[in-house]
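# I'll drop the sequence and a predicted model, then ask my questions.
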Amino acid sequence: MKRFLIGYCLLSTCLLFMQQKPLLVYHADSKYQITGKVEEKRKIGRLFTITVNGNVFVVREEKYKNIEIGDDIEL
């Protein structure tokens, strides 16, 4: 019974970690133009990020403070 419980705990822990989606972050000061609507704003540690069309971009603090969710953006 103990082996079954230990195996179940290990399996459930592995499944929990496999469900988390990795966060791919782009730097917004690139040579390409970013257009779309801002879906989300988030501060991760010292990084200021915005989500546009499902992609996460790092922006400067000034740009982060001036942008609101739902705004059309062109970086």
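Thanks, I have it.
# remind me, longest strand of the protein?
strand 35-44 (DSSP state E).
# Given that one, what are its sheet partners and their directions?
strand 47-52 (antiparallel), strand 72-74 (antiparallel) (DSSP bridges).
# Helix or strand with the lowest mean pLDDT in this structure?
Ranked by mean pLDDT, DSSP states H and E, the helix or strand of the chain with the weakest confidence is strand 25-27, at a mean of 64.
# Do you know the pLDDT at Tyr8?
Predicted confidence (pLDDT) for Tyr8: 77.
# do Arg3 as well
pLDDT at Arg3 comes out at 80.
# who touches it in this structure?
The contact partners of Arg3, by C-beta atoms under 8 Å, 6 or more residues apart in numbering, come to none. From N, CA and C alone the C-beta is placed, and that goes for glycine too.
# what's the answer for Asn53, then?
Counting by C-beta under 8 Å, 6+ apart, Asn53 has contacts 36-37, 39.
# let's see 6 Å
Applying C-beta atoms under 6 Å, 6 or more residues apart in numbering, we find Asn53 in contact with Gly36.
# That one and Val38, how far apart?
Counting by C-beta to C-beta, to the nearest Å, the gap from Asn53 to Val38 is 10 Å.
# Please apply the same query to Gly54.
Taken as C-beta to C-beta, the span from Gly54 to Val38 is 12 Å.
# who's more crowded, these two?
More neighbours surround Val38 than the other of Gly54 and Val38, with 17 against 8 (other C-beta atoms under 10 Å).
# in this protein, what spans have low per-residue confidence?
Scanning the chain for pLDDT under 70 picks out the ranges 14-32, 75.
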